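S.K.: Quick one, structure for this:
(one chain, ligands or ions: 2)
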Amino acid sequence: MKKISDIGEFGFIDLIKKQIGSSSIIKGIGDDTAVVNFSADKYLLLTTDMLVEGVHFTRAMSAKAIGHKAIGCNISDIAAMGGLPKYAVVSIGLSGNLSIKFATDIYAGMNQLAKKFGVVIVGGDTVKSSKLIINVALTGEVKKDKVVLRSGAKKGDQIFVTGALGKSFSSGRHLTFTPRLLPSQYLVKHFKPTAMIDISDGLAADLGHVLEESNVGAIIDEKCIPRHQGASFNNALHDGEDFELLFTLSRAQAQRLKSKKDFKFYHIGEITSDKNKLRLIDKFGQSRILGQKGFVHF
Ligand code: ADP
Ligand code: MG
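M.R.: Ligands and ions are numbered 1, 2, ... in the order given. Below is the predicted model:
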């Protein structure tokens, strides 16, 4: 019998997508959050992310930072849609031998970031589990004309990222990052991004998701891709967990953005008509096709 590891994370998600089928929602599986009708002028956004001990964190790490990450990656997904985060429910699986301090520190870390971004934790669930598991589900809202999907990138659009990439896990940044809600709000207020995603699986894989959903290709320039100190180009492309935003803008809007100083945005490439092909101009000026593999869970 075929196992999950035979089809991988995205093969599994594709299977579920087929099983659930289509419905009248605006966007189901296949973006950073689901998008459903809410009111005359707003959509409701829904997202959830689970962290598992031994996969995403260990107990040697700071409990506050684990809590920060658990809610931070959800806020990042809402930011990637151009939305504002609102209400969270938190489910936790823990063993009886976990110290009360560790458990409450997880919530202290969560609450600190929640407050900073206007999120209210309104409930959850608690179960017994030998491994510590934290699942956060978060709602958000967005004006209907401001929502940004992965699927709107057009040939000639310019590709930007909000910050440096690479070595997030080994440096500990994956636990302490700031979700890019403020740059996202700035962008949707003053510009019209055609597509947006947060970089959780790695630049190559997440740009790959935009290309797939938008039915386009891209060319990126190695020398323009911002990297953290000590991160190789390969780290920047594939490490993941950076939680920076990647977005696309029309040529005219890209020009305008580059003249602004409010936030730092990095111009890394351009959308092409070469469907699902990610092309790289390397540091020697040579052009070649890149694989889109990011971090693979199975
Ligand atoms: P992200 O990295 O932005 O959190 P994922 O790669 O985890 O997104 O998920 C991609 C898409 O697949 C999302 O639309 C998500 O809701 C959906 N998805 C992932 N796992 C499941 C699942 N077990 N059941 C239903 N939908 C899922
Ligand atoms: Mg995401």
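S.K.: tell me which residues form a beta bridge with the residue nearest the centre of the chain?
M.R.: Residue closest to the average C-alpha location in the chain (C-alpha atoms, centre = their mean): Asp198, at 2.8 Å. Here Asp198 shows beta-bridge partners Leu245, assigned using DSSP bridges.
S.K.: quick one, what contacts it?
M.R.: Asp32, Ser76, Asp77, Ala79, Ala80, Pro179, Arg180, Asp206, Phe243, Glu244, Leu245, Leu246 (C-beta atoms under 8 Å, 6 or more residues apart in numbering). All C-beta spots, glycine's among them, are computed from the backbone N, C-alpha and C.
S.K.: at 7 Å what do you get?
M.R.: Asp32, Ser76, Asp77, Ala79, Ala80, Phe243, Leu245 (C-beta atoms under 7 Å, 6 or more residues apart in numbering).
S.K.: Which pLDDT value goes with it?
M.R.: Residue-level confidence at Asp198 comes out at 98, pLDDT.
S.K.: helix, strand or coil for the residue in the stretch 101-250 of the chain that ligand 1 sits nearest to?
M.R.: Going by C-beta to the nearest ligand atom, ligand 1 is nearest to Ser200 of the stretch 101-250 of the chain, at 4.2 Å. At Ser200 the chain is in coil, as set by DSSP: H, G, I helix; E, B strand; the rest coil.
S.K.: Hmm, Glu244 and it touching each other?
M.R.: No. Counting by C-beta atoms under 7 Å, Ser200 sits too far from Glu244 to count as a contact (9.7 Å).
S.K.: got the contact list for whichever residue of the stretch 1-150 of the chain sits closest to ligand 2?
M.R.: Residue of the stretch 1-150 of the chain nearest ligand 2, by C-beta to the ion: Asp32 (3.7 Å). By C-beta under 7 Å, 6+ apart, the contact list for Asp32 reads Thr47, Asp77, Ala80, Met81, Ile197, Asp198.
S.K.: Max pairwise distance over the residues you listed: which two?
M.R.: Thr47 and Ile197 (12.6 Å; C-beta to C-beta).
S.K.: Check the spacing between the residue in the stretch 151-298 of the chain that ligand 2 sits nearest to and Gly140 real quick.
M.R.: Going by C-beta to the ion, ligand 2 is nearest to Asp198 of the stretch 151-298 of the chain, at 4.2 Å. Asp198 is 13 Å from Gly140, where distance means C-beta to C-beta, to the nearest Å.
S.K.: who's in contact with stretch 98-117?
M.R.: Here stretch 98-117 makes contact (C-beta under 7 Å, 6+ apart) with 63-68, 70-72, 75, 85, 88, 90, 94, 120-121, 132, 134, 179, 181.
S.K.: Filter those residues down to the buried ones.
M.R.: 63-68, 70-72, 75, 85, 88, 90, 94, 121, 132, 134, 179, 181 (16 or more other C-beta atoms under 10 Å).
S.K.: ok, and of the residues you listed, which contact ligand 1?
M.R.: When those are checked against ligand 1 using C-beta under 6 Å from any ligand atom, none falls in range.
S.K.: Just those residues: which are in helices?
M.R.: Secondary structure from DSSP state H places Ala63, Lys64, Ala65, Ile66, Gly67, His68, Ala70, Ile71, Gly72, Ile75, Leu181 of the buried ones among the contacts of stretch 98-117 in helices.
S.K.: How about the contacts made by the closest residue to the last one other than its chain neighbours?
M.R.: Right, the one you point to is Leu181. Leaving aside its chain neighbours, Leu181 sits nearest to Ala79 (4.4 Å; criterion: C-beta to C-beta, 6 or more residues apart in numbering). Ala79 makes contact with Pro179, Arg180, Leu181, Ser184, Asp198, Leu245, according to C-beta under 7 Å, 6+ apart.
S.K.: now with 8 Å?
M.R.: For Ala79, the contact set (C-beta under 8 Å, 6+ apart) comprises Pro85, Pro179, Arg180, Leu181, Ser184, Gln185, Asp198, Leu245.
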